[in-house]
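Q: return atomic coordinates for the entry below.
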Amino acid sequence: MEACPKEGGIDDIEELSFADRPQGAPTSTTLNPRAEPRAKRQFKKDGRAENIPGVQTVYLKTWGCSHNVSDSEYMAGLLCDYGYGLTEDFGAADVYLFNSCTVKGPSQDAVMNLINDAKKTGKPIVVSGCVPQGQPSSKMWDGVSLVGVQQIDRVVEVVEEALKGNTVRFLKKSKNNKPSLDLPKIRKNPFVEIIPINVGCLNSCTYCKTKHARGHLASWTSEEICQRVRTSLDEGVMAVFMTSEDTGAYGRDIGTNLPALLADMLPLFTGHAMLRIGMTNPPYILEHLDQIVHALNSPNVFKFLHIPVQAGSNSVLAAMQRGYTVEQFQHVVDTVRAHVPHVTIATDIIAGFPTESEQDFEETFRLVGRNRFPVLFTNQFYARPGTPAARMKRVASARDVKQRTKRLVDLFHSFSSFDFLRDTEQTVWVLEVAPDNHHLGGRTEHFVQVLLDPATARLGDVVRCAITDVHKFHVVGRVVAHLQRGPKVAGRSLTAPRTSAKARQAQLHRMAADRAHQAAPHNNSSPWLRAAALALLALVLALVLALPAGWLPALPWSRTA
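A: This next block holds a predicted model:
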């Protein structure tokens, strides 16, 4: 069993995932201390764990966007706060919690495959996220407990009932469809806080299933968001990533907007603390282009923006009901690039939408070739059940769609986007272990990944780097100066690559034991002196017991008249 960290990590971001947390990384949590559950105290007393809530271990698996990642961090915090343990060992779990994604068919298929594997164990299963929320009546949930996207703060109740052998479903929706931002939380990456600023959206895209789950737009207040930012920065977080289904639509339901939120947030970022603005659809950023450009030029904001275009054909965009034209999207890109030098713009393409003709695809192909996006997410169209697009007649064959997808991928791989960094010196935030499991991974102000020698830096550092080599998806840097040093744990710096969860947890236990020892009152006398005193006392007691009866003089209060 892996006990949950009580102070200080476990390990993504929207589409650019982080590696597992290395050994000794601070377990940045906002876990609120609470009394140990009675069930767990009883288990410690008698050694039994027969379906006692708060004792078992939970296997938590997450699919999807950064909003889903944030939801899982909150659920992990709530479960650990109650006393449950988390495990990465599928076979060792007492209960399974799968946080699902409904954006694409393969993601949902992966969830169902794991559910089937879990059912073979006979152990309780809980599924959360957009799939059950969007398809609550599906037969695939037979024998499975469900917790909706608006009900993540009740995950402990659902897990408890599942462990008792009950099947429960908390899927109720409400207008105020947002859990508190102040819930206990365990971050996947201790140096990154993912903050949802709103849920739902204002669009009605014909291919999208997410709105069926997340609902209409509902925004947190600026005060709630800023308080979460303050808490996170106070805990040593280096970067805050804003997330939602559409950050550009923020505040329209509560009489405010994204620029107003940024104006409140940015003064909180001082020193080397950084903010990353999340994904925004073109219709909403169009209204605030000047303010967004101004924010992106702030020294504490990554020069990165995710603007999904989905198609380069106006006829396809109209069939998708995206609410903008190719020309409007291009205006956004041109304006941002003109005023934010070397900004990294990420976008999405759906290849093979039902109405997409060969000419439509060629227009999309030309759009990608013209803009040479440094980050491009290309996906084949997947018909999501219950969406209008699922009922549309498909123009292209499956073979044509695969060929179109391959052409886009080949085009994307044919150009380099980061040559401007070659032979320059950049400030780099060291946030992750690189995918090769050896280098450390940092990010430039343009959010470009930099591979670093782990002997020259540690996680949590902010460094100046000479860029020595450039590749398609990353650059290579050599540390020339340290601007801010990351934390050390147990006398060593955080430079090690990934280790097992068991080893990481053992480190946490050692840290907790060290803190408890330092906090406890100490008797400064020598252990040898204490042992000698005890031996002398035992000797005196033995001599007394060996003396004959009646040897003691009569005591005054025992005498009789």
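Q: hey, where'd the helices end up in the stretch 151-300 of the chain?
A: Here the stretch 151-300 of the chain has its helices, by DSSP state H, counting those that start in this stretch, at 155-163, 210-214, 222-234, 258-265, 282-285, 289-296.
Q: and the longest one, what does it pack onto?
A: Put plainly, it is helix 222-234. Helices and strands touching helix 222-234, by 3 or more C-beta pairs under 8 Å, 6 or more residues apart in numbering; DSSP states H and E, are strand 192-196, strand 239-243, helix 258-265. For every residue, glycine as well, the C-beta is placed using N, CA and C.
Q: buried residues, the last one. List them.
A: Read it as helix 258-265. Going by neighbour count (16 or more other C-beta atoms under 10 Å), the buried part of helix 258-265 is Leu258, Pro259, Leu261, Leu262, Asp264, Met265.
Q: pLDDT weak spots in this structure?
A: For the chain, the stretches with pLDDT under 70 are 1-54, 64, 102-108, 131-138, 171, 173-177, 210-215, 488-534, 540-561.
Q: any idea which element the residue nearest the centre of it lies in?
A: By C-alpha atoms, centre = their mean, the chain has its centre lying nearest to Val69, at 3.8 Å. Element membership for Val69, per DSSP states H and E: helix 66-82.
Q: and that helix, C-alpha only, in PDB?
A: The C-alpha trace of helix 66-82 is given here as PDB (Å, rounded to 0.1, in the frame of the first residue of the first chain):
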ATOM      1  CA  SER A  66      -5.600  19.300 -18.400                       C
ATOM      2  CA  HIS A  67      -9.000  20.000 -16.900                       C
ATOM      3  CA  ASN A  68      -9.400  16.200 -16.400                       C
ATOM      4  CA  VAL A  69      -5.900  16.100 -14.900                       C
ATOM      5  CA  SER A  70      -6.900  18.900 -12.400                       C
ATOM      6  CA  ASP A  71     -10.100  17.000 -11.500                       C
ATOM      7  CA  SER A  72      -8.000  13.900 -10.800                       C
ATOM      8  CA  GLU A  73      -5.600  15.900  -8.600                       C
ATOM      9  CA  TYR A  74      -8.500  17.100  -6.600                       C
ATOM     10  CA  MET A  75     -10.000  13.600  -6.200                       C
ATOM     11  CA  ALA A  76      -6.600  12.200  -5.200                       C
ATOM     12  CA  GLY A  77      -6.400  15.000  -2.500                       C
ATOM     13  CA  LEU A  78      -9.800  14.200  -1.200                       C
ATOM     14  CA  LEU A  79      -9.200  10.500  -1.000                       C
ATOM     15  CA  CYS A  80      -5.800  10.900   0.700                       C
ATOM     16  CA  ASP A  81      -7.300  13.500   3.100                       C
ATOM     17  CA  TYR A  82      -9.800  10.900   4.200                       C
END
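Q: ok now it, how far from the chain's centre?
A: In this view, helix 66-82 has its centroid 8 Å away from the chain centroid, taken as C-alpha atoms, centre = their mean, to the nearest Å.
Q: partners of whichever helix or strand comes after that helix, with directions?
A: Where DSSP H and E defines the elements, the next helix or strand beyond helix 66-82 is strand 85-87. Looking at strand 85-87 with DSSP bridges, its partner strands are strand 57-62 (parallel).
Q: report the angle between the strand it pairs with and helix 66-82.
A: On the basis of axes from the mean of the first three to the mean of the last three C-alpha atoms, to 10 degrees, strand 57-62 is oriented at 170 degrees to helix 66-82.
Q: what does strand 57-62 contact?
A: Strand 57-62 is contacted from outside by 1-2, 68-69, 72, 75-76, 79, 84-90, 92-99, 114, 159, using C-beta atoms under 8 Å, 6 or more residues apart in numbering.
Q: let's see it at 6 Å
A: Taking contacts as C-beta atoms under 6 Å, 6 or more residues apart in numbering, the residues outside strand 57-62 that touch it are 1, 68-69, 72, 76, 79, 84-87, 90, 93-99.
Q: returning to that earlier point: quick one, which of the helices of the stretch 151-300 of the chain is nearest to Phe412?
A: Distance to Phe412, taken as C-beta to C-beta, is lowest for helix 282-285 among the helices of the stretch 151-300 of the chain, at 20.3 Å.
Q: so which elements touch that closest one?
A: Counting contacts by 3 or more C-beta pairs under 6 Å, 6 or more residues apart in numbering; DSSP states H and E, helix 282-285 packs against helix 326-339.
Q: which other helices and strands does the helix it packs on contact?
A: Contacts defined by 3+ C-beta pairs under 6 Å, 6+ apart place helix 326-339 against helix 282-285.
Q: could you dump the helix it packs on to PDB, C-alpha only?
A: The C-alpha coordinates for helix 282-285 follow below in PDB (Å, rounded to 0.1, in the frame of the first residue of the first chain):
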ATOM      1  CA  PRO A 282     -11.100  32.100 -32.200                       C
ATOM      2  CA  PRO A 283     -14.500  33.800 -31.700                       C
ATOM      3  CA  TYR A 284     -13.700  35.000 -28.200                       C
ATOM      4  CA  ILE A 285     -10.100  36.000 -28.500                       C
END
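Q: contacts for it?
A: Gly248, Ala249, Ile292, Gly323, Tyr324, Gln328, Phe329, Val332.
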